[in-house]
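# A predicted structure for the sequence below; I have some questions about it.
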Amino acid sequence: MKNILAFSGSNNPDSINEKLIQSVIQKYNDYDVRFIDLKVFDVPIYSQEIQSKGIPLPILDLYNIFQESEGFIIASPEHNGLPSAFLKNIIDWLSVITQRFFDNKPVLLLSTSPGATGARTHLALLANLVPLWGGQLKATYSLGSFQDNFDSSLKIISNDQELKALDDAMTLFTNKNVKPPMKNKEVVEAYFNAFAKGNQEEVLNIFHPNCYIVSVKEEERPKEQLHGIYRTREESKQFLKNIGSLFETKEFAVDTIVEAEGNLVIAKGRFSHLVKSTGKLFNSNWVQLCVVEDEKIKEYRFYEDSAALIEASYIEFA
């Protein structure tokens, strides 16, 4: 890939996100990466009134630069869990020209912060928006604890593990033949799809080898008891077996799946199971919490209406 455009979404003259992106340009100097300082594109806060008088010339110039570029590396600071107002204003103006201003080109999202998460919370939000702006999101990378992991005198990342993670992200960004990693939400969606098809092998493969499963209550359980703790992918087989031995699923609906902080994915919905031992229906809303790691479900917690299960499992005697 040639003619890659790199910029920071910060208007801070001493921005650590700008330092991060400059270090990326320095590290990957074999690539044709051009840094552009968005601070020189001085434009007012977007309003329809100002737009009615014409799009500011700096935005037209920036849009032309975007058109000439073949890919984008963006380091975005996080302000209260969101991209900066400065970056959003630039995006608002570019989207006046066309909403798909990335023009179907690859995008790499970066972020850093003094905190341990490296501002990755808001990257999940940006990751969902990049396709709306016409970008092909290839990878994301967040550098946590900037002061501990960045050598400001050498202007480089000083943590070998972080350098490896950045290398992986850069490979995904530049190699057209490398499939981008699944989003955490997509991993959970794949789990539900496999579950709906009854594909037990695929369901098991989505669980991490060292997964930790909590079915309703976090306590040890007899082998054939459904509710309790299951450890490892091997024990997840028993989890699925226990579900199948107790219930015949009549309906299983997924209403919502959302990504949250720290690789957490939250889902909720409703189901209707026939309890095999009684012939009664067990109807319940449910909530599922998943922590995703390496495109696998590492931690899985499932909650349902236990009182409704007790009622459906009760046999009345004459």
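Right, received. Where do you want to start? Residues are numbered from 1 along each chain as shown.

# who does Gly214 bridge with?
No Gly there; residue 214 is Val. Beta bridges link Val214 to Ile229, Arg301 when assigned by DSSP bridges.

# Actually, Leu274.
Glu248, Leu281.

# Check it and give its pLDDT.
pLDDT recorded at Leu274 is 96.

# That one against Glu248, yeah?
Yes. Assessed by CB atoms under 8 Å, Leu274 is found in contact with Glu248 at 4.2 Å. C-beta: built from backbone N, CA, C; applies to glycine.

# Looking at the two now, which is surrounded by more residues?
Between Leu274 and Glu248, counted using other CB atoms under 10 Å, Leu274 has the larger neighbour count: 15 against 12.

# Just want to check the distance between the more buried one and Thr249.
Separation of Leu274 from Thr249 (CB to CB, to the nearest Å): 8 Å.

# by contact count, what packs against the worst-scoring helix or strand of the chain on mean pLDDT?
When each helix and strand of the chain is scored by mean pLDDT, DSSP states H and E, helix 120-129 comes last, with a mean of 88. When contacts are defined as 3 or more CB pairs under 8 Å, 6 or more residues apart in numbering; DSSP states H and E, helix 120-129 sits against strand 82-83, strand 105-112, strand 135-143.

# these two touch, right, Gly9 and Ser76?
Yes. With contact defined as CB under 8 Å, Gly9 counts as touching Ser76 (4.3 Å).

# what do the two both touch?
Residues within reach of Gly9 and of Ser76 at once, by CB atoms under 8 Å, 6 or more residues apart in numbering, are Asn17, Pro83, Ser84, Leu87.

# Could you report the separation of the nearest residue to Phe150 once chain neighbours are set aside from Ala139?
Excluding the flanking residues, the one nearest Phe150 by CB to CB, 6 or more residues apart in numbering is Ile157, at 5.8 Å. Per CB to CB, Ile157 is found 16 Å from Ala139.

# Could you pull out the strands in the stretch 51-200 of the chain for me?
Applying DSSP state E, counting those that start in this stretch to the stretch 51-200 of the chain gives strands spanning 71-75, 78-79, 82-83, 105-112, 135-143, 150-151, 156-157.

# partners of the second one in the sheet?
Each strand paired with strand 78-79, and its direction, by DSSP bridges: strand 82-83 (antiparallel).

# Kindly report the same for the fifth one.
With DSSP bridges as the test, strand 135-143 is paired with strand 105-112 (parallel).

# so the strand it pairs with versus strand 71-75, what angle?
Computed by axes from the mean of the first three to the mean of the last three CA atoms, to 10 degrees, the angle separating strand 105-112 from strand 71-75 equals 20 degrees.

# was I right about Gly71 contacting Ile4?
Yes. Applying CB under 8 Å as the test, Gly71 and Ile4 come out as touching, 4.5 Å apart.

# returning to what we had before: deepest of the helices and strands packed on helix 120-129, which one?
Most buried of the helices and strands packed on helix 120-129, by mean neighbour count (mean count of other CB atoms under 10 Å): strand 105-112, with a mean of 25.

# angle of it against helix 120-129?
Put simply, strand 105-112 runs at 170 degrees to helix 120-129, going by the same axes, to 10 degrees.

# Relative to the whole chain's centre, how far out is strand 105-112?
Centroid separation for strand 105-112 versus its chain: 13 Å, with CA atoms, centre = their mean, to the nearest Å.

# so where's the stretch 1-150 of the chain uncertain?
The model of the stretch 1-150 of the chain has no residue with pLDDT under 70.

# quick one: the helices in it?
Remark: helices assigned in the stretch 1-150 of the chain by DSSP state H, counting those that start in this stretch are 16-27, 48-52, 57-68, 85-97, 120-129, 146-149.
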